[in-house]
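**Student:** Need coordinates for the following:
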Amino acid sequence: MIAPTVGKTLLISTVIFFSVFLALILFSPSFPFSQSPLNPPPPERADIWSLRRLFEWRPCEWWLQRHPAPLPLKNNGYIRVDCYGGLNQMRRDFCDGVGIARLLNATLVLPKFEVAAYWNESSGFEDVFDVDYFIEKMNGFVQVVKELPAELASKEPFKVDCSKRKGLFDYVETVLPSLLEHRYISITPAMSQRRDRYPLYAKAALCQACYSALRLTATLEKKGSDLLEAIPKPFLSLHLRFEPDMVAYSQCEYSFLSANSTQAIDSARGERKPWTGEQARLWRARGKCPLTPNETAIILQSLSIPTTTNIYLAAGDGLMEVEGLTSVYANVFTKSTLLSSTDFENMHGNTKAALDYYVSINSDSYVATYFGNMDKMVAAMRAFKGLYRTLLLSRRAFAVLTNQGLNGNLLMEALWKVHRDDFVMGVGSALPECFCEFKL
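**Tutor:** Alright, predicted model coming up:
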């Protein structure tokens, strides 16, 4: 009689066990048919900077070894790089020009910076960068001179169109003949260079120029140092782009902007009309529309960046809708609030851009809302200095997720995951040929 009793006891125990197990499943909040009225609290998101990175970009060893191929005894002529646009665009063009000069075995003449009323600009290369330091650091990479030899000094350079020249053979086959014939030429490198096709000695010259040899003048460094000292620490440098001309150029339409902002954008549009309907949606989904200050604040919050964070606003004149940021992040500082009014009013566009650059490469963390020329240069220089708290906000992700109807905690969680993956996998650089990916 013992065996049947034991069997019956085991059967009852088994039934009770599975009944409890089934009840736990059915009434668990995660079970799809649960009738529990309570939603689980949103998971706590880690501070984005606390995450462990899997990859980093560091300067390549072949460049840092600083043993470039010897310069030929005789050069093929002189090249001047003519640079246009904002400071960081001109810097990018000049870096490319250094590589081209080495490629063609030419001596580099100090570049010509565009004098442009649009950029409130009249300063030249020597007003922004330390010329003697540049020449010293480029020794062995490419020859640089302040002045032309007497036989060329009175001549204007022969202008060579490089708008479609992008690789090694382009320059050797079409630009070198002009250099040999005229001995003194000017170029403006095309935006999309095929630097990967350069020989190592030309790439090394380009990398050395961009990341080691270009130092601000002593006057600008002093201003930058004073500005850096005035910012409460620690701080985040935020490069926020939402000026009328930029929004107009993007051809994006925004709702809920102030009347003043809308009028400023309309005045800047000219013939460049915004996209409408399905085209506007697709354009935004491709990440073509600048983030507003309010959208930027939402993303920063999703990354668990505290609203008490000290933020240096690296932005140009005419930034619109800034209240969308400052209403959430109150500790925001700008050049105009930290510098004397006299200092600020006497600054040209290049000087202001140089100070933003200086502060950004020395900040505790850097966030960019638009991957433009400054962002590429700052991200790369921070990688060069071993500063990896750098993040580029995803306009595309914000557009796609909000278009899906996400808001509140669901939007915050989705934005955090996108930027978490970007940060963990490492950030690219302005000139990837100068940097190599390291697995941590």
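**Student:** low-confidence ranges in the stretch 1-150 of the chain?
**Tutor:** Low-confidence segments of the stretch 1-150 of the chain (pLDDT under 70): 1-43, 66-67, 115-122.
**Student:** now the helices for it?
**Tutor:** All helices of the stretch 1-150 of the chain, identified by DSSP state H, counting those that start in this stretch, fall at 2-26, 61-64, 87-103, 125-128, 131-137, 150-153.
**Student:** List the buried residues for the helix or strand containing residue 351?
**Tutor:** Assigning secondary structure by DSSP states H and E places residue 351 in helix 349-361. By neighbour count on 16 or more other CB atoms under 10 Å, the buried set for helix 349-361 is 349-361. Every C-beta, even on glycine, is put in place using the N, C-alpha and C of the backbone.
**Student:** cool, and stretch 385-404?
**Tutor:** 387-395, 397-402.
**Student:** just stretch 73-89 next, same as before
**Tutor:** Using 16+ other CB under 10 Å as the test for burial, stretch 73-89 gives 75, 77-83, 85-89.
**Student:** If we only consider these, which is nearest to residue 237?
**Tutor:** Proximity of those to residue 237 was ranked by CB to CB; the top entry is residue 88 with 14.4 Å.
**Student:** all strands for the stretch 101-250 of the chain, in order.
**Tutor:** Along the stretch 101-250 of the chain, counting by DSSP state E, counting those that start in this stretch, strands occupy 107-113, 144-145, 158-159, 184-187, 235-239.
**Student:** Could you list the paired strands of the longest one along with their orientation?
**Tutor:** Right, the one you point to is strand 107-113. strand 78-83 (parallel), strand 144-145 (parallel) (DSSP bridges).
**Student:** would you list these in a markdown table and tack on distance to residue 49?
**Tutor:** Compiled in a markdown table, those are given as follows (distance: least, CB to CB, whole Å):
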| stretch | distance to residue 49 |
| --- | --- |
| strand 78-83 | 35 |
| strand 144-145 | 39 |
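**Student:** Tell me which of those lies nearest to residue 256.
**Tutor:** Here strand 78-83 is closest among the strands paired with strand 107-113 (CB to CB), at 38.5 Å.
**Student:** Hmm, residue 99 is touching residue 196, no?
**Tutor:** No: using CB atoms under 8 Å, residue 99 is not in contact with residue 196; the gap is 11.5 Å.
**Student:** Give me the more crowded residue out of these two.
**Tutor:** residue 99 (29 against 10; other CB atoms under 10 Å).
**Student:** Which residue, neighbours along the chain excluded, lies closest to that one?
**Tutor:** residue 206 (3.4 Å; CB to CB, 6 or more residues apart in numbering).
**Student:** Would you quantify the distance from the one you found to residue 366?
**Tutor:** Separation of residue 206 from residue 366 (CB to CB, to the nearest Å): 23 Å.
**Student:** if I look at the residue nearest the centre of the chain, how far off is residue 361?
**Tutor:** By CA atoms, centre = their mean, the chain has its centre lying nearest to residue 375, at 2.1 Å. According to CB to CB, residue 375 stands 11 Å off from residue 361.
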